[in-house]
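Peer 1: Compute the structure for the input listed below.
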Amino acid sequence: MTNTPDAALAQPRLIERLITGLATSDGAGVKLTRVLTQDLQRRLDPFLMLDAFGSEKAGDYIGGFPDHPHRGFETITYMLEGRMRHRDSAGNEGLLGNGDVQWMTAGRGVIHSEMPEQEEGLMEGFQLWLNLPAKDKMCAPWYRDIPSAALPEYEKGGVKVRVIAGSSDGVAGAVQREGTLPLYLDIHLAPGALFEQALPDLHNAFFYVYRGKLQSGGIEVPAGRMAIMANDAGSDGLRLQALDEPTRVILVAGRPLHEPIAQYGPFVMNTQAELQQAVRDFQNGKLAAA
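Peer 2: Model prediction:
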């Protein structure tokens, strides 16, 4: 795994298609862009959703996300700027600030809230949903707050990489997952800088440019676009190169589960019967104590 041309990939992946996110709102009216939508879940298995949020207008985020349930998957919240407080039914509480990450495993069920602790200024970041294998969907809930200063990172050749999950250039990320082997990187590129990342050819992968612009395989990708990378047999990774301005991009990849996906809002299970049970548990006040 490298981000220098000295050990260049033999067969880097190509871009399969570019995606423009869907402007929407969630929670109590928080405005966001849904980049990975439900119709892409099978293609980007094991990832279920990616939301990008960013606004300096308090009215776009001040309502936050009051108490709501989850079951059957994991949420990864990455705050670029702003302050968001988390509370959940297991008694956990934490404050996410600039550059912090929260990794939450909903497992068999948790009810939580995510509320802004600011009334002005920029609130920006991402929330990624990662599916759990069928065998783990009813595991005990778990979460970890990772302060920005504790997030592994490295710099090389005009590139800075923050390693949230997986590994890059020999640097292990803050979180590892055996079932889905997720890779989650925040990559900062100086103008013209080149980044390469080794990946198994069967892992699904995408990246989202949120500052500047880059090119991959001769295709230019501007800010606000997601690129789905082709799963070409024999490919050994992907190559990204910034153009004429500083560029920031998140790269996400993982091993697909190849399991049925049954989703009803904040519940993601494998069968309709399991979904119906999740709804009953929630309605009966048993979700978080199941």
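Peer 1: if you go through the stretch 151-290 of the chain in chain order, where are the strands?
Peer 2: 153-156, 159-165, 167-168, 171-172, 183-189, 194-198, 204-211, 213-216, 219-222, 225-229, 237-242, 247-254, 262-264, 267-269 (DSSP state E, counting those that start in this stretch).
Peer 1: which helices and strands sit right next to the first one?
Peer 2: Right, strand 153-156. strand 159-165 (3 or more CB pairs under 8 Å, 6 or more residues apart in numbering; DSSP states H and E). Every residue, glycine included, has its C-beta placed from N, CA and C.
Peer 1: thinking again about what came up before, as JSON lines, the strands of the stretch 151-290 of the chain with mean pLDDT and mean neighbour count would be great.
Peer 2: As requested, the strands of the stretch 151-290 of the chain are exported to JSON lines (pLDDT from 0 to 100; neighbours: other CB atoms under 10 Å):
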{"stretch": "strand 153-156", "mean pLDDT": "98", "mean neighbour count": "14"}
{"stretch": "strand 159-165", "mean pLDDT": "98", "mean neighbour count": "22"}
{"stretch": "strand 167-168", "mean pLDDT": "98", "mean neighbour count": "22"}
{"stretch": "strand 171-172", "mean pLDDT": "98", "mean neighbour count": "14"}
{"stretch": "strand 183-189", "mean pLDDT": "98", "mean neighbour count": "23"}
{"stretch": "strand 194-198", "mean pLDDT": "98", "mean neighbour count": "23"}
{"stretch": "strand 204-211", "mean pLDDT": "98", "mean neighbour count": "22"}
{"stretch": "strand 213-216", "mean pLDDT": "98", "mean neighbour count": "20"}
{"stretch": "strand 219-222", "mean pLDDT": "98", "mean neighbour count": "15"}
{"stretch": "strand 225-229", "mean pLDDT": "98", "mean neighbour count": "22"}
{"stretch": "strand 237-242", "mean pLDDT": "98", "mean neighbour count": "22"}
{"stretch": "strand 247-254", "mean pLDDT": "98", "mean neighbour count": "24"}
{"stretch": "strand 262-264", "mean pLDDT": "97", "mean neighbour count": "16"}
{"stretch": "strand 267-269", "mean pLDDT": "98", "mean neighbour count": "24"}
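Peer 1: so which of those comes closest to residue 53?
Peer 2: Proximity to residue 53 (CB to CB) singles out strand 204-211 among these, at 10.9 Å.
Peer 1: Just the C-alpha atoms of that closest one, please, in PDB.
Peer 2: This file holds the C-alpha atoms of strand 204-211, laid out as PDB (Å, rounded to 0.1, in the frame of the first residue of the first chain):
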ATOM      1  CA  ASN A 204     -16.400  -2.500  -3.400                       C
ATOM      2  CA  ALA A 205     -15.000   1.000  -3.400                       C
ATOM      3  CA  PHE A 206     -16.000   4.700  -3.900                       C
ATOM      4  CA  PHE A 207     -14.600   8.100  -3.200                       C
ATOM      5  CA  TYR A 208     -16.200  11.500  -2.600                       C
ATOM      6  CA  VAL A 209     -14.500  14.800  -3.400                       C
ATOM      7  CA  TYR A 210     -15.400  17.500  -1.000                       C
ATOM      8  CA  ARG A 211     -12.700  20.100  -1.800                       C
END
